[in-house]
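Student: Fold the stuff below for me.
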Amino acid sequence: MKSLFSLNSAIYLLLCLFTMQYAAWYADNPDSFQYLSIARHYIHGDFSAAINGYWSPLISWLLVPFLATGLNGILSFKILQILIGLFTVIEWKTIY
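Tutor: Prediction:
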């Protein structure tokens, strides 16, 4: 069962890397610009502007390390989506 999980994870990551070159390099999530804006507020220390009653801060918090390294905002968002998908596969493995 562990080898099947490793195989599934490897296939997922290879497919993500292969299809990433064909992925559209624009924000496919309508709220992604707002998440990126909030993450940039956190990076600059403007916490009062980062607090928002509509968008949850979790995605913005997860984007901060990628944006702090100087990555492009859309690339950071795509990498975060891939990691969230991988952790979903890991969680699925622990449930079943």
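
Student: make it CA atoms for all contacts and neighbour counts henceforth
Tutor: Fine.

Student: Could you count how many residues lie near residue 43?
Tutor: Applying other C-alpha atoms under 10 Å, we find 17 residues neighbouring residue 43.

Student: quick one, what contacts it?
Tutor: Residues in contact with residue 43, defined by C-alpha atoms under 8 Å, 6 or more residues apart in numbering, are 64, 68.

Student: okay, it: pLDDT?
Tutor: According to the prediction, residue 43 has pLDDT 95.

Student: and what of the one 4 residues further on?
Tutor: At residue 47 the predicted local distance difference test score is 92.

Student: same question, residue 54
Tutor: With respect to pLDDT, residue 54 has a value of 89.

Student: any idea how far residue 82 is from it?
Tutor: Taking C-alpha to C-alpha, to the nearest Å as the measure, residue 54 falls 24 Å from residue 82.

Student: ok, those two, which is more surrounded?
Tutor: Neighbour count, other C-alpha under 10 Å: between residue 54 and residue 82, residue 82 has more, with 17 against 6.

Student: quick one, what contacts that one?
Tutor: By C-alpha under 8 Å, 6+ apart, the contact list for residue 82 reads 13, 16.

Student: so where does it fall, helix or strand?
Tutor: Element membership of residue 82 [criterion: DSSP states H and E] is helix 73-95.
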